[in-house]
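Chemist: Sequence and computational prediction follow.
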Amino acid sequence: MTAPDEPRRPPDLRLVPAALAAWAAVLAGLGLGPLAGAVVTALSAGAAWNRRSRPRWLAAAACAAAAGLVVTAHGILVAQHPLRAAAEAGAAATVRVVLGDDPRPIRNAVAGEQAQVLVDAVLERAQARDSTWDTGGRVLLIAPAPGWAGLLPGQAVTADGLLAPAGRSDLTVAVLRVRGPPREVAAPPWWQTGAGALRTGLRDAATVLPQAPAGLLPGLAVGDTGAMTAEVEDDFRAAGLTHLTAVSGANLAIVAGAVLALLRLLRADPRWAAGLSAAAVLGFVVLARPSPSVVRAAAMGAVVLLALALGRGRSAVPALAAAVLVLLLADPALAVDPGFALSVLATAALVLLAPGWAAALVRRGVPRWVAEVLVVPAAAFLATAPVVAGLSGQVAPVAVLANLLAVPAVAPATVLGVLAAVVSPLSPQAAQACAWLAGPAVGWLVEVADRAAAIPRAALPWPDGVAGMLLLAAVLAVLVLFWRLPRGRAVLVAVLLGLALVLVPTRLAPPGWPPPGWAVVACDVGQGDAVVLATGEPGRGVLVDAGPDTGPVDACLDRLGIRSLALVVLSHLHADHIGGLDGALRGRAVGGIAVGPVRAPHRALAAVAHSATDAGAPLVALTVGQRLEWPGLVLEVLGPRHPDPYLDPDDGTAVNDGSLVLRAATAAGTVLLTGDVELAAQADLVAAGADLHAEILKMPHHGSRYTSVEFLNAVAPRAVLVSVGAGNTYRHPDPGLIGGLERAGIDVRRTDLAGDSAVVAGGGGIELVTRGDPLPARRRRAPVSGSRAPPAPPRSWRAPWRSGRPARPRRRGS
């Protein structure tokens, strides 16, 4: 921030065009290849020779030419790297690498399958196809978590695996799919070991808090998210608060700002203030582990904080621009790194927006230190919002309110968490005291995220990519300009209030939802299953599966007014069926949680048992032949017919075929709930002569191609519900299968297109009613080049339906 007596002057923007031009040149070289980089270099060099241009534009052209030359050279080296040909051939390789960052966990689509991590590394030596190269280059490792998750940046290891081409334009040479644990693991650098000890001390100190705040405090203070619960992680993502757990310039500003505030109270000399602030930044970098992302944030924040601490506020922008130039020339791959863009924007907000906002609050009587604590996170959020929207493909208006509510708690929780880590080697009791003092602030953040995530459809679809970023930036710029007009604030407030009055109620409770007399609802939970069956008791139902995430199933049950669950049935233990269990149990009485005879994967069963214990609900087993009754609802267990208790938990098809198959008698007719059964389990059911006939079929495995004609003929449904997520990478549902059903006169409702889909008892039979407003597609990392689509089923389905099909049901709503 500005010094108390420093007059506000316009920022010095002379180096900004040069930094932006260099960034654009590197983007062109990375995105379009070395040839484009060479063209940019030539054009920029020609422009730099034009002496009639203004000095700032000459500097911009020269910087663009230099950046183009650097990225072209890097691109040529990567294109000619000897490992590229081996990667194209999918060869086996042994590599010696040095880790460049902390291993990042990959969230599995199937619960219990072996956890994996992504490891960014620098190549030292590679052996493939009877050749050995002592060469550098970036490689990405996809490795099993055991043995890899605990490695530190700077450690050298040897890995074996299969090569694949790199599917990203950040100068990565190849991808290695690692087999087994690392070998010949070198000791980490001493500073990494010290940082690990301090982080462990913070995690231990945080155990004085409840589980959710205890896991969040290390993430908030030093970016250590390993202990965060899945529920808190999902809530933070839905509420737009994930940036709080990523180390950035804002974290550095909070830590160094706390040091500056203390020194100002002591009236310390500005030079001492600058030196001690630099020491605080250095110490925080060591504590947060000096990985490239943290070092980048330090480079962004340090130049700004030192300039501001010395009372030279106008020097901050040139220092930031110079840091961007140096970092891009040193590492061109940063140009396409979202973390780098977020760091730059957050730091620019601290320099350009925060001082003015803080001064305005001070003029209104707010103490300066309070004003600075409030404006730092708020300015960072506003500046980074366009990039976050472009990356996620959605805009969450609730995130604005959530971030404003979170602002007062961020700084005290961060400072106390860092202090707990620092004092932990000296006094664990003092560290626990600091963590305990941070408890109310961290608990507030958990509560804000939980409440924000519980708002259904809080996120609005938004164009992704660069277009989405620019669009939101333009919208924010227009809003800011309107706010500065004399009468603009009143008009803007009136418009926003009117939109809130119209849009919020309809998104929280759409007109006509839930439909009167609903008996079955397939909840839109994304790529997963969650089906609610009504009982004859208002506010009470039976839930079959819980979807992949906690938020969507919780919101669906809220919309239906379900306050208690007579039973939760988990068809099988894959993550897209059990991942949202904690959300379904949240705040509701539960009669029990039921699983089938197949108890694999075992880690998933342990997680379900833990959730059942926390909810005070018994964990029960269902087997074929059981019959469960409630007022207005009867459940019969039809399958699995031949469960294998010793199946391979990593065999996804075997686990799918072990799904519970239920036949439900409801007020609207019979419903067959099939989990994810595939061809073998379907054949078992048909061969056993089970009564599979039902008026409504919940399509097996999200409408996958692995559904047999004989099975569909045995069910002979009048309507089909397909629980599937928009934009899923599994190509569900199969177009041929769905087309055949529709041509046969079957009414098909897909949650990815229609949202929540309800079955209602009508006067002349069943009716299907859909809520609309489906969840947007979840953005996932693009698959690595060279991956193959799943194999085709043994035969295609041509819908040879038998004669005498039931009539198509009447439709209502869409």
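Modeler: Now that the structure is in, tell me what you want to look at. Bear in mind that the values here come from a model prediction, so they are computed numbers and not experimental data.
Chemist: Please make it C-alpha for all contacts and neighbour counts, starting now.
Modeler: Fine.
Chemist: which stretch of helix or strand covers the residue nearest to the spatial centre of the chain?
Modeler: Centroid check for the chain by CA atoms, centre = their mean gives residue 237 as the closest residue, at 5.9 Å. Element membership for residue 237 (DSSP states H and E) is helix 230-239.
Chemist: Show me what counts as buried in that helix.
Modeler: 231, 232, 233, 234, 235, 236, 238, 239 (16 or more other CA atoms under 10 Å).
Chemist: Could you list the residues in contact with that helix?
Modeler: For helix 230-239, the external contacting residues (CA atoms under 8 Å, 6 or more residues apart in numbering) are 212, 216, 242, 396, 398-399, 402, 446, 449-450, 452-453, 459, 549-551, 582-583.
Chemist: again, but for stretch 447-467
Modeler: 232, 235-236, 238-239, 241, 389-399, 402, 405-406, 468, 507-508, 551-552, 554-556, 773, 775-776.
Chemist: Could you do stretch 683-702 as well?
Modeler: By CA under 8 Å, 6+ apart, stretch 683-702 touches 527-529, 638-642, 663, 669-678, 707-708, 710-711, 714-724, 732-733.
Chemist: Filter the contacts of stretch 447-467 down to the buried ones, PyMOL style.
Modeler: The PyMOL selection below is limited to those of the contacts of stretch 447-467 classed as buried (16+ other CA under 10 Å):
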select buried, resi 232+235+236+238+239+241+389+390+391+392+393+394+395+396+398+399+402+405+406+468+551+552+554+555+556+773+775+776
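Chemist: Of the contacts of stretch 447-467, which belong to helices?
Modeler: 232, 235-236, 238-239, 389-392, 397-399, 402, 405-406, 468, 507-508, 551-552, 554-556 (DSSP state H).
Chemist: Tell me which entries of the contacts of stretch 683-702 lie within strands.
Modeler: Of the contacts of stretch 683-702, the ones assigned to strands by DSSP state E are 638, 639, 663, 669, 670, 671, 672, 673, 719, 720, 721, 722.
Chemist: which residues touch the closest residue to the second one other than its chain neighbours?
Modeler: Using CA to CA, 6 or more residues apart in numbering and skipping the chain neighbours, the partner closest in space to residue 639 is residue 661 (4.7 Å). Taking CA under 8 Å, 6+ apart as the criterion, residue 661 is in contact with 571, 637, 638, 639, 640, 672, 673, 674, 675.
Chemist: most neighbours, which of those residues?
Modeler: Neighbour counts for the contacts of residue 661 (other CA atoms under 10 Å) peak at residue 571, which has 31 neighbours.
Chemist: which residues of the stretch 501-650 of the chain score low on pLDDT?
Modeler: Residue ranges of the stretch 501-650 of the chain with pLDDT under 70: 501-512.
Chemist: quick one, helices of it?
Modeler: Remark: helices assigned in the stretch 501-650 of the chain by DSSP state H, counting those that start in this stretch are 550-560, 575-578, 581-585, 602-615.
Chemist: Could I get those helices in a markdown table, plus columns for distance to residue 177?
Modeler: Shown next, in a markdown table, are the helices of the stretch 501-650 of the chain (distance: least, CA to CA, whole Å):
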| stretch | distance to residue 177 |
| --- | --- |
| helix 550-560 | 31 |
| helix 575-578 | 23 |
| helix 581-585 | 32 |
| helix 602-615 | 23 |
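Chemist: Which among these is found nearest to residue 358?
Modeler: Within the helices of the stretch 501-650 of the chain, the stretch nearest residue 358 is helix 550-560; the backing value is 35.7 Å (CA to CA).
Chemist: Show me the contact partners of the closest one.
Modeler: Against helix 550-560 from outside (CA under 8 Å, 6+ apart): 231, 234-235, 238, 453-456, 508-509, 513-514, 523-526, 530, 532, 539, 546-547, 563, 579-584, 586, 756.
Chemist: make it 7 Å
Modeler: 231, 453-454, 456, 509, 514, 523, 525, 530, 546-547, 579-584 (CA atoms under 7 Å, 6 or more residues apart in numbering).
Chemist: Put the alpha carbons of it into PDB.
Modeler: Provided in PDB are the C-alpha atoms of helix 550-560 (Å, rounded to 0.1, in the frame of the first residue of the first chain):
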ATOM      1  CA  THR A 550     -21.500 -33.600  -2.300                       C
ATOM      2  CA  GLY A 551     -23.100 -30.400  -3.500                       C
ATOM      3  CA  PRO A 552     -25.500 -31.500  -6.400                       C
ATOM      4  CA  VAL A 553     -27.200 -34.400  -4.500                       C
ATOM      5  CA  ASP A 554     -27.600 -32.200  -1.400                       C
ATOM      6  CA  ALA A 555     -29.200 -29.500  -3.500                       C
ATOM      7  CA  CYS A 556     -31.500 -32.000  -5.300                       C
ATOM      8  CA  LEU A 557     -32.700 -33.300  -2.000                       C
ATOM      9  CA  ASP A 558     -33.300 -29.800  -0.700                       C
ATOM     10  CA  ARG A 559     -35.300 -29.000  -3.800                       C
ATOM     11  CA  LEU A 560     -37.500 -32.000  -3.200                       C
END
